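# Take a look and give me a structure for this.
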Amino acid sequence: MSQNDLVILGKLGAPYGIKGWLKISSYTDTPDDIFEYSPWLLKINNELKTVNVVDWRRHNKGLVAKLDCVDDRDVAHELTNIEIAVNVSELPELPEDEFYWRDLMGMQVCTNKGYNLGKVDDLLETGSNDVLVVKANSNDGFGKHERLIPFIEEQVILDVDQDNRQITVDWDPSF
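Residues are numbered from 1 along each chain as shown. All right, here's what the predicted structure looks like:
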């Protein structure tokens, strides 16, 4: 299984208690949703290990979980900061006009006037709207290295063509 077949959903945190529970950092929109996916895949010593969540609960403002392969605090400590992944096939299908961030990565970004701004290098969550981080082409006529373009559909983002891997934007190239 390649890295492209995996989606990172969160990270294992510090041990919680003495019976092998771990704190969980969830990257899903609703944090509890991380427990909708099973099994989890953990990359340990460059090998993928399949684990199942035996139990979980909310604790204060966070989440804690008990994994089937962890029975004491020492083993839990060894898993601290390991990313939680699932196979991409586990993700639910989205409606035609919605996208996973991973689908937008590497797409060409062009203005509605035909100027190629570069490729999507990253995305940022700002609270009000997501932002495309577009790495400019090496021959960018405006001397830009990257552009931050708000992901505001119909105002800035005019079209996302997944088949041709291109996003059309209404954006001034000098920004």
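
# CA only for contacts and neighbour counts going forward, please
Will do.

# Give me the buried positions along the least confident helix or strand in the chain by mean pLDDT.
Every helix and strand in the chain was compared by mean pLDDT, DSSP states H and E; the lowest is helix 101-104, with a mean of 87. The neighbour-count check on helix 101-104 (16 or more other CA atoms under 10 Å) flags Leu104 as buried.

# residues in contact with it?
Residues from elsewhere that reach helix 101-104 (CA atoms under 8 Å, 6 or more residues apart in numbering): Val120, Leu123, Gln162, Arg165.

# Which parts of the chain are strands?
For the chain, the strands defined by DSSP state E occupy 6-16, 21-26, 40-44, 47-51, 53-59, 62-67, 83-87, 108-111, 116-125, 130-135, 146-150, 157-161, 166-169.

# where in this protein is pLDDT low?
For the chain, applying pLDDT under 70 flags the ranges 1-4.

# rerun that using 90 as the cut-off
Within the chain, the ranges that satisfy pLDDT under 90 run 1-5, 28-29, 43-46, 61, 69, 89-103, 125-128, 137-144, 175.

# so what are the domain limits for it?
Using automatic domain parsing, the domain parsing of the chain gives 3-90, 101-169.

# rewinding a little: in ChimeraX, how would I select the buried members of the contacts of helix 101-104?
This is the ChimeraX syntax for the buried subset of those, where burial follows 16+ other CA under 10 Å:
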select :120,123
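
# Looking at the contacts of helix 101-104, spot the one nearest Ile152.
The closest of the contacts of helix 101-104 to Ile152 turns out to be Leu123 (CA to CA; 12.9 Å).

# For the closest residue to that closest one other than its chain neighbours, list each beta-bridge partner.
Take Leu123 and drop its neighbours on the chain: the residue closest to it by CA to CA, 6 or more residues apart in numbering is Leu132, 4.8 Å away. Taking DSSP bridges as the rule, Leu132 bridges to Leu123, Ile149.

# Surely Leu132 is in contact with Thr126?
No: Leu132 is beyond contact range of Thr126, at 10.8 Å (criterion: CA atoms under 8 Å).
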